[in-house]
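Next comes the sequence, and after it the predicted model I'd like to discuss.
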Amino acid sequence: MERGKFNIIIGGQAGSESKGKLSGWLCSRYKPDLLVMTSSPNAGHTVITPEGEKKVSYHLPIGAVMCDCPIVLGPASLINPEIFEKEIKDLGIDPKRITLDPRASVITRYHIGAEINGHLSDIGSTLQGIGECRMEKMKRRGDHYLVENVVDEFRKIGIDTAPTSPIINEALDKGQIVFCEATQGFDLCLEHGIDPVHCTSKMINPAMVMAEAGVSPSLVGKIYGVIRSFPIRVNNRTGNSGGYQESRELSWQDVARRCKYPGDYKSLEEITTTTKLLRRVFNFSWVRFDRFIQVCRPTSLCLQFTNYIDWDAYKVTKWGNLPNSVINFIMLLSEQVPVNFVGTGPGHNDMVELQPMKQRYFN
């Protein structure tokens, strides 16, 4: 990570790329001075600690469990107070570490009900009230719930409220390491994603992340793009939640067969953190990968779920022990952007880190 710069981790597909795993890895290695996030509880970020304990966050950057620096949640955040308070306790985060921007919004039962009754499940929404709450803020009618109107509720659980942009910029001016964990994934972007219907309610790219934080784009640092070998889409409760550009949809049995998974393929099936529905899985989309590189310009990539390419990659920690099929795929990706991190399993240490000098291998 770069000091005095705004470093970003961002998903390059339709979410669930395992951003949390890389965030935990980077936080344990670089020990940032400040963690930043635009919160919303529509999806979970997961990390498994070195001790093997699974931690899931919805509002907080999950990298916070791997370091003890301050956390700021910006003005575009959407907070469900009940989930938020439980999350803080479950993660063991000291509330005094958290500063919440007073212009963040509070999700209410009205917002959640409006999404449920508005048939948003048809497009694969997680129905957590995110889009409805965001729209109400944009209407500027004065009757939406801002944190500044219920600040005492957050102070009761020990959370300070203050404008977060000055905090972030002061840390940057001091030359500190600032690290932002973006939510969701680029392929769900409202304006540049796969399609304008089966998507989320906001733009997802580094420029938008910085704009929400109140930081000049001239201060961008490292942009860590996270992708997976077989991208997924969330399932929905009715109908179809969209395709994946040119890529064919697969079954989890197909994935298990391809990677020569030694167990029952059903144990390989992935369930979404929030909706608890079976994830849909697809072949890798080179069309969407090219678009992600073009719009987001990551400085390095993390390829996750490489064991889905070949199960011999499972829990490998050294480059020389990776199967040729995985190495060949990494080489193709690295023709555009260096792959510096290779995830080989869910655990914290199931990672191969490639130093810049190793990139000569690809030339």
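Right, received. Where do you want to start? Numbering: from 1, shown residues only.

tally of neighbours for the residue nearest to Asn235 when sequence neighbours are not counted?
Among residues not flanking Asn235 along the chain, Leu277 sits closest, at 4.2 Å (Cβ to Cβ, 6 or more residues apart in numbering). For glycine as for every other residue, the C-beta is placed from the backbone atoms N, C-alpha and C. Leu277: 16 surrounding residues under other Cβ atoms under 10 Å.

isn't Leu277 right next to Ile271, touching?
Yes. Counting by Cβ atoms under 8 Å, Ile271 is a contact partner of Leu277 at 6.8 Å.

Break the protein into its domains for me.
6-102+158-227, 232-362 (automatic domain parsing).

Now tabulate the ones you listed in a markdown table and tack on distance to Gln128 and mean pLDDT.
Formatted as a markdown table, the domains of the chain follow (distance: least, Cβ to Cβ, whole Å; pLDDT from 0 to 100):
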| stretch | distance to Gln128 | mean pLDDT |
| --- | --- | --- |
| domain 6-102+158-227 | 5 | 93 |
| domain 232-362 | 7 | 90 |
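
Would you mind giving these as a markdown table with distance to Lys137 added?
A markdown table is the format used below for the domains of the chain (distance: least, Cβ to Cβ, whole Å):
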| stretch | distance to Lys137 |
| --- | --- |
| domain 6-102+158-227 | 8 |
| domain 232-362 | 21 |
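
out of those, deepest packed?
Neighbour counts (mean count of other Cβ atoms under 10 Å) averaged over each of these peak at domain 6-102+158-227, with a mean of 21.

now the residue nearest to Asn235: how far from Phe179?
Applying Cβ to Cβ, to the nearest Å, the value for Leu277 to Phe179 is 31 Å.

now do Glu53
Distance from Glu53 to Phe179, by Cβ to Cβ: 22 Å.

What is the host helix or strand of Glu132 packed up against?
Take DSSP states H and E as the rule and Glu132 turns out to sit in helix 130-139. When contacts are defined as 3 or more Cβ pairs under 8 Å, 6 or more residues apart in numbering; DSSP states H and E, helix 130-139 packs onto strand 78-79, strand 105-106, helix 109-117.

Figure out how far that helix is from the centre of its chain.
Helix 130-139 sits 21 Å away from the centroid of its parent chain (Cα atoms, centre = their mean, to the nearest Å).

on that earlier part again, so which of the domains of the chain gets nearest Tyr110?
With Cβ to Cβ as the measure, domain 6-102+158-227 is the member of those nearest Tyr110 (12.3 Å).

Run the chain-centre distance for that closest one.
8 Å.

sorry, back to before: can you list residues touching both of Leu277 and Ile271?
When Cβ atoms under 8 Å, 6 or more residues apart in numbering defines a contact, no residue borders Leu277 and Ile271 alike.

Return the residues in contact with the residue nearest to Met208 when sequence neighbours are not counted.
Spatial nearest neighbour of Met208, excluding adjacent residues (Cβ to Cβ, 6+ apart): Lys202 at 7.2 Å. When contacts are counted by Cβ under 8 Å, 6+ apart, Lys202 touches 134, 189-190, 208.

Where does Lys55 sit: helix, strand or coil?
Classification of Lys55 by DSSP: H, G, I helix; E, B strand; the rest coil places it in strand.

Please determine how far it is located from Thr344.
In this view, Lys55 and Thr344 are 20 Å apart by Cβ to Cβ.

do the same with Leu146
Leu146 is 44 Å from Thr344, where distance means Cβ to Cβ.

can you check Ser267 too?
For Ser267, the distance to Thr344 equals 17 Å [Cβ to Cβ].

mind exporting stretch 21-28 as PDB, just the C-alpha atoms?
Extracted C-alpha coordinates of stretch 21-28, given in PDB (Å, rounded to 0.1, in the frame of the first residue of the first chain):
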ATOM      1  CA  LYS A  21     -10.100 -12.600   2.500                       C
ATOM      2  CA  LEU A  22      -7.700 -10.200   0.600                       C
ATOM      3  CA  SER A  23      -8.600  -7.300   2.900                       C
ATOM      4  CA  GLY A  24      -7.700  -9.400   5.900                       C
ATOM      5  CA  TRP A  25      -4.400 -10.400   4.300                       C
ATOM      6  CA  LEU A  26      -3.500  -6.800   3.400                       C
ATOM      7  CA  CYS A  27      -4.500  -5.400   6.800                       C
ATOM      8  CA  SER A  28      -2.400  -8.100   8.600                       C
END
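
Just want the phi and psi numbers for Ile62.
Note on Ile62: backbone dihedrals following degrees, to the nearest 10 are phi -70, psi -20.

That one is in contact with Thr49, isn't it?
No. Under the criterion of Cβ under 8 Å, Ile62 is not in contact with Thr49, lying 10.4 Å apart.

All the helices of the stretch 201-350 of the chain, in order from the start?
Taking DSSP state H, counting those that start in this stretch to define them, one finds helices in the stretch 201-350 of the chain at 206-213, 252-259, 286-296, 324-333.

and the third one with helix 324-333, angle?
Computed by axes from the mean of the first three to the mean of the last three Cα atoms, to 10 degrees, the angle separating helix 286-296 from helix 324-333 equals 50 degrees.

elements contacting helix 286-296?
So helix 286-296, by 3+ Cβ pairs under 8 Å, 6+ apart, packs with strand 220-228.
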